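>>> When you get a sec, could you give me coordinates for this:
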Amino acid sequence: MRFELEADLKGAKRLIAPMVQKTMNNEVGQLDRLKRVIEQAEGARR
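I've put the predicted structure just below:
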């Protein structure tokens, strides 16, 4: 899976950019964990 997000933040919105980046990093981490769980479940069925 590939996910890409790009935003051109200007003005006051630039102040929230670090929070947005942290949230996105956490969400990507959740996807990584989900992938591992799915792969482990598939391996257990074989």
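>>> Nearest residue to the middle of the protein?
Nearest to the geometric centre of the chain sits residue 28, at 1.8 Å (Cα atoms, centre = their mean).
>>> Show the contacting residues for that one.
Residue 28 makes contacts with residue 3, as judged by Cβ atoms under 8 Å, 6 or more residues apart in numbering. Placement of C-beta: from N, CA and C, glycine included.
>>> where's it, which helix or strand?
If you go by DSSP states H and E, residue 28 is part of helix 17-45.
>>> Quick check: buried residues in that helix?
Neighbour counts over helix 17-45 (16 or more other Cβ atoms under 10 Å) mark no residue as buried.
>>> mean confidence score for it?
Averaged across helix 17-45, pLDDT comes to 90.
>>> Reduced to three states, what does residue 4 come out as?
Secondary structure, DSSP: H, G, I helix; E, B strand; the rest coil: residue 4 is coil.
>>> Next, count neighbours for it.
4 (other Cβ atoms under 10 Å).
>>> Could you give the backbone dihedrals for it?
Per-residue torsions, residue 4: phi -140, psi 140 (degrees, to the nearest 10).
>>> again, but for the one 5 residues further on
Backbone torsions for residue 9, taken as degrees, to the nearest 10, come to phi -90, psi 130.
>>> Chain neighbours aside, what residue packs nearest to it?
residue 17 (5.4 Å; Cβ to Cβ, 6 or more residues apart in numbering).
>>> The one you found against residue 10, yeah?
No - between residue 17 and residue 10 there is no contact under Cβ atoms under 8 Å: 10.5 Å.
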